[in-house]
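Peer 1: no sequence on this one, just coordinates:
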């Protein structure tokens, strides 16, 4: 039984349990339900880490904008008159009123509805009603909209951080950048998003999605058994489990389902149509990256904290349509310790035909969307994970979750040293080191003092 006497900070107690449990593959269940933990996450994780906000194809023209979130806070992602991308806190400098009232659009300025303070697309204050009488002599340059401390883009994926001490985006991604190149840089055309993101809220904790997409492949044969029964996925469960788990760099993890060689029958290049796959070359990526992509059936990964990527061949109707490549990107947007809003985009390579894009989009809608077969499977268990995490029983019983798969002597997963890419690689996908990697970096962020960062490479461990 846990002793609760003289306890002043419940989050510190849970983090101490996490620190003690990680080396033996145990996590405190309360990590998924504690309000104190969640309040600390908002500042230490979402207030500091690089987070994904949008894709550049969503704001192609000058003045285009979308309204997105960092943690619980609204930010306007806008392309200014010079074509640069700015990430602006959605709060007027005068009284903190929201200045953007639409999810997306095109504008030359943002005007506060309260007192009329007006800002350009760089966030500069350009005027207000009765300026001479009310504010004549005041410095406009120091009263613009607040912006993210740093903004970065990789393959059109726009990230931002609120922490001026944060490392560069490339340094933060570390080895994960190699895998983003592999998925998004296969040809010169690049990718675009297909429509606005879906958004739906479930009664779960945001970390369940990040945990799952870091490489929880073990659940596929149980939770998603019906997917194989209806022919939605073209590879058997056992063959699908053959592949690699990769700890790309601290916090960032991924999983490949992969054919053992190029001659193996079945989908290649994540199931992209052969016409499209013929345009995939090593002009923008290395031969090693191209060879990994060629053998790949599934890529699933998570950029810490809450940006996930999935590429695989799927169909929503196996009786009428063969599987085709689906590329979805998503964020697990925290709402509270017990609610998460899933933001879900579908992407396609720009040189795909409209018919190919629509086929991919429809396959995605039928599988990985708010009404998709995979989504309805996944969200139900995550709801109960959060329920357990905030339960009195989990706290009083000091209830621990088992994250031991792939540890020495447990299961068939084992480290390999002949992997072509960066990071720590394991064969097969029966392995949970990818999740332990996520939570080790999470622990470092949660315990770090302002301005301090956990190790960004494994060499610094």
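Peer 2: Arrived safely. None of these values were measured; they are calculated from a predicted model.
Peer 1: So residue 410, which state does it fall into?
Peer 2: In terms of secondary structure, residue 410 is coil; the call rests on DSSP: H, G, I helix; E, B strand; the rest coil.
Peer 1: what residues are up against it?
Peer 2: For residue 410, the contacting residues are 25, 404, by C-beta atoms under 8 Å, 6 or more residues apart in numbering. C-beta coordinates here come from the backbone N, C-alpha and C atoms, glycine included.
Peer 1: If we use 10 Å, what do you get?
Peer 2: 25, 402, 404, 430-432 (C-beta atoms under 10 Å, 6 or more residues apart in numbering).
Peer 1: Can you say which of those are buried?
Peer 2: Buried residues within those, counting neighbours by 16 or more other C-beta atoms under 10 Å: 25, 430-432.
Peer 1: What helix or strand is residue 331 located in?
Peer 2: Here residue 331 sits within strand 324-336, counting by DSSP states H and E.
Peer 1: Next step: the contacts of residue 410 restricted to strands.
Peer 2: By the criterion of DSSP state E, membership of the contacts of residue 410 in strands covers residue 402.
Peer 1: Go through the contacts of residue 410 and name the one nearest residue 149.
Peer 2: Within those, the smallest distance to residue 149 is 33.7 Å, found for residue 432 (C-beta to C-beta).
Peer 1: Leaving out chain neighbours, which residue sits closest to that closest one?
Peer 2: Ranked by C-beta to C-beta, 6 or more residues apart in numbering and with sequence neighbours excluded, the top spatial neighbour of residue 432 is residue 405, at 4.0 Å.
Peer 1: my read: that neighbour touches residue 435, true?
Peer 2: Yes - applying C-beta atoms under 10 Å as the test, residue 405 and residue 435 come out as touching, 8.9 Å apart.
Peer 1: Pull up the overlap in contacts between the two.
Peer 2: Both residue 405 and residue 435 are in contact with 25, 216, 245, where contact means C-beta under 10 Å, 6+ apart.
Peer 1: Any chance of the residues you listed in TSV with distance to residue 303 and pLDDT as columns?
Peer 2: As requested, the shared contacts of residue 405 and residue 435 are exported to TSV (distance: C-beta to C-beta, whole Å; pLDDT from 0 to 100):
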residue	distance to residue 303	pLDDT
25	23	98
216	16	94
245	16	98
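Peer 1: want to throw those residues into JSON lines with distance to residue 302?
Peer 2: Compiled in JSON lines, the shared contacts of residue 405 and residue 435 are given as follows (distance: C-beta to C-beta, whole Å):
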{"residue": "25", "distance to residue 302": "19"}
{"residue": "216", "distance to residue 302": "10"}
{"residue": "245", "distance to residue 302": "12"}
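Peer 1: Flag the shaky bits of this protein, pLDDT-wise.
Peer 2: Under the criterion pLDDT under 70, the flagged ranges of the chain are 1-8, 228, 231-232, 460-461.
Peer 1: Not counting its neighbours along the chain, what's nearest the residue nearest in space to the middle of it?
Peer 2: Relative to the mean C-alpha position of the chain, the nearest C-alpha, by C-alpha atoms, centre = their mean, is the one of residue 307, at 0.7 Å. By the measure of C-beta to C-beta, 6+ apart, the closest residue to residue 307 outside its immediate chain neighbours is residue 52, 3.8 Å from it.
Peer 1: ditto for residue 185
Peer 2: If the residues on either side of it in the chain are set aside, residue 185 comes closest to residue 284, at 4.6 Å by C-beta to C-beta, 6+ apart.
Peer 1: Next, count neighbours for that neighbour.
Peer 2: 16 (other C-beta atoms under 10 Å).
Peer 1: quick one, phi/psi of it?
Peer 2: The phi and psi torsions at residue 284 (degrees, to the nearest 10) take the values phi -110, psi -10.
Peer 1: re earlier: check contacts around the residue nearest to residue 432.
Peer 2: For residue 405, the contacting residues are 25, 216, 218, 245, 411-413, 430-433, 435-436, taking C-beta under 10 Å, 6+ apart as the criterion.
Peer 1: 6 Å - rerun?
Peer 2: Under the criterion of C-beta atoms under 6 Å, 6 or more residues apart in numbering, the contact list for residue 405 reads 411, 431-432.
Peer 1: can you pull the buried residues of the helix ranked longest in the chain?
Peer 2: Counting residues, the longest helix found in the chain (DSSP state H) is helix 373-389. Counting neighbours by 16+ other C-beta under 10 Å, one finds that the buried residues in helix 373-389 are 373-375, 377-379, 382-383, 385-389.
Peer 1: Mind splitting this structure into its structural domains?
Peer 2: Domain assignment of the chain by automatic domain parsing yields the ranges 51-154, 168-458.
Peer 1: Assess the claim that residue 194 and residue 346 are in contact.
Peer 2: Yes - in this structure, residue 194 is within contact of residue 346 by C-beta atoms under 6 Å, at 4.6 Å.
Peer 1: tell me the phi and psi of the residue nearest to the centre of the chain?
Peer 2: For residue 307, the backbone dihedrals are phi -110, psi 120 (criterion: degrees, to the nearest 10).
Peer 1: Residue 193 too?
Peer 2: Note on residue 193: its backbone torsions stand at phi -80, psi 150 [degrees, to the nearest 10].
Peer 1: likewise the one 4 residues further on?
Peer 2: Residue 197 adopts backbone torsions of phi -70, psi 140, taken as degrees, to the nearest 10.
Peer 1: Quick check: it vs residue 60, distance?
Peer 2: In this structure, residue 197 and residue 60 are 16 Å apart, going by C-beta to C-beta, to the nearest Å.
Peer 1: Compare neighbour counts for those two and give me the winner.
Peer 2: A side-by-side neighbour count of residue 197 and residue 60, using other C-beta under 10 Å, places residue 197 first with 20 against 9.
Peer 1: my read: that one touches residue 343, true?
Peer 2: Yes - taking C-beta under 6 Å as the contact criterion, residue 197 and residue 343 are neighbours in contact, 4.7 Å apart.
Peer 1: of the contacts of residue 405, closest to residue 335?
Peer 2: Top of the list for closeness to residue 335, among the contacts of residue 405 and by C-beta to C-beta, is residue 432 at 26.7 Å.
Peer 1: In contact with the closest one, which residues?
Peer 2: Residue 432 is in contact with 403, 405-406, counting by C-beta under 6 Å, 6+ apart.
Peer 1: just residue 223 next, same as before
Peer 2: residue 377.
Peer 1: before we move on, the earlier item: residue 93: which of the buried ones among the contacts of residue 410 is nearest?
Peer 2: residue 432 (46.9 Å).
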